[in-house]
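**Student:** Provide a 3D model corresponding to the input given below.
(one chain, ligands or ions: 1)
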Amino acid sequence: MTGIAPYEVYAIRYATVARRSAENFIGGDPHESGARMDYFVWLVRNAAHTFVVDTGFNEAAARKRRREFLRSPAEGLRLLGVDASAAEHVILTHLHYDHVGNFDLFPRARFHLQDQELAYATGRYMSTEFFSYAYEVDEVVAMVRNVYAGRVEFHDGDVEIAPGVSLHLIGGHTKGLQVVRVWTRVGWLVLASDASHYYANMGEGRPFPVVANVMEMVDGWRRLQHLASDPRHIVPGHDPLVMQRYRAPEPALEGIAVRLDAQPSG
Ligand SMILES: [Zn+2]
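**Tutor:** The predicted structure is shown next:
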């Protein structure tokens, strides 16, 4: 991979919630231990390019869904030197409420989205609550408005959007879920988002219960393995272990952000 400047990659934690571990696996969890779900947005950047990955929910959505809101995703980005109001490229892994929203904070952004995700979020399965539960209709409508405003960059399958940054359609969790593969100083890193909420979902072959297609989800784990240089460089979407396995880029960001283009502990 000569010639591509490696990217820095960060996870920014903006919300959290306590839950039972049985809620994280189809069929429950025999250990029945307490578990937490963290909520992240991610930042990918080098000298030439900056990508924000997902935009996260706001305080009102946190109240509605009873999540503990820690800080605005825009504030987290600001602490890493990125002005959300000037951000030009936002990758949306999918349109669930915890990955989109805050559109007002990204007035200049173009949104990278899979064709299948918008089709799914506006299609027949949304009349069944099992599939629609994690979408907010107002946000889906806002995304349709972004389409009409010419602000959505649609992708159909796998695509390289800059040297060393590519998007890969996985499906499974939602019909159009995509993951982000990034060239870094430690090799190819994959932001799996909700292709695997926790390390244990992909690591132990136990699917998460919010799912459009279980077989696609299972096949997706294998694709993640192929995309990453090392399985340790696959970063799950909601696992609190991410904040433990990686280090804050500086002491002031302890508990807020970690740098992912590094060797994880554990
Ligand atoms: Zn999610």
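
**Student:** Phi and psi next, for the spatially closest residue to residue 184 that is not a sequence neighbour.
**Tutor:** Nearest residue to residue 184, sequence neighbours excluded (Cβ to Cβ, 6 or more residues apart in numbering): residue 261, at 3.6 Å. All C-beta spots, glycine's among them, are computed from the backbone N, C-alpha and C. Main-chain torsions, residue 261, degrees, to the nearest 10: phi -80, psi 70.

**Student:** What distance do you get for the closest residue to the ion within the stretch 1-150 of the chain to residue 178?
**Tutor:** Per Cβ to the ion, residue 98 is where the stretch 1-150 of the chain lies closest to the ion, at 4.5 Å. Distance, residue 98 to residue 178, using Cβ to Cβ, to the nearest Å: 16 Å.

**Student:** what's the answer for residue 69, then?
**Tutor:** 26 Å.

**Student:** what about those two, which has more around it?
**Tutor:** Using other Cβ atoms under 10 Å as the criterion, residue 69 and residue 178 rank with residue 178 on top: 27 against 19.

**Student:** The more buried one touches residue 172, doesn't it?
**Tutor:** No - applying Cβ atoms under 8 Å, one finds residue 178 not in contact with residue 172, separated by 10.9 Å.

**Student:** Next to the ion, which bits of the stretch 151-266 of the chain? Give me the list.
**Tutor:** With Cβ under 5 Å from the ion as the criterion, the stretch 151-266 of the chain meets the ion at residues residue 194.

**Student:** looking at this, residue 142 is in a helix?
**Tutor:** Yes - applying DSSP: H, G, I helix; E, B strand; the rest coil, one finds residue 142 inside a helix.

**Student:** and the closest residue to it other than its chain neighbours, backbone torsions?
**Tutor:** Spatial nearest neighbour of residue 142, excluding adjacent residues (Cβ to Cβ, 6+ apart): residue 103 at 5.4 Å. Dihedral pair for residue 103: phi -60, psi -30, per degrees, to the nearest 10.

**Student:** how much space between residue 108 and residue 14?
**Tutor:** Going from residue 108 to residue 14 by Cβ to Cβ gives 20 Å.

**Student:** if you count what's nearby, which of those two comes out ahead?
**Tutor:** Neighbour count, other Cβ under 10 Å: between residue 108 and residue 14, residue 14 has more, with 28 against 13.

**Student:** Just the element for the more buried one, please.
**Tutor:** strand 8-20 (DSSP states H and E).

**Student:** Please see if that strand touches the ion.
**Tutor:** No - counting by Cβ under 5 Å from the ion, the ion has no neighbours in strand 8-20; the shortest distance is 10.7 Å.

**Student:** I'd like the next helix or strand past that strand.
**Tutor:** strand 34-45.

**Student:** Can you give the strand pairings for the helix or strand following that next one, parallel or anti for each?
**Tutor:** Per DSSP H and E, the first helix or strand lying C-terminal to strand 34-45 is strand 50-53. When pairing is defined by DSSP bridges, strand 50-53 lines up against strand 34-45 (antiparallel), strand 89-91 (parallel).

**Student:** Please identify the deepest-packed of those strands.
**Tutor:** strand 89-91 (a mean of 23; mean count of other Cβ atoms under 10 Å).

**Student:** Let me see the residues that make contact with it.
**Tutor:** With contact meaning Cβ atoms under 8 Å, 6 or more residues apart in numbering, strand 89-91 is reached by 49-55, 106, 109-112, 161, 167, 178, 180.
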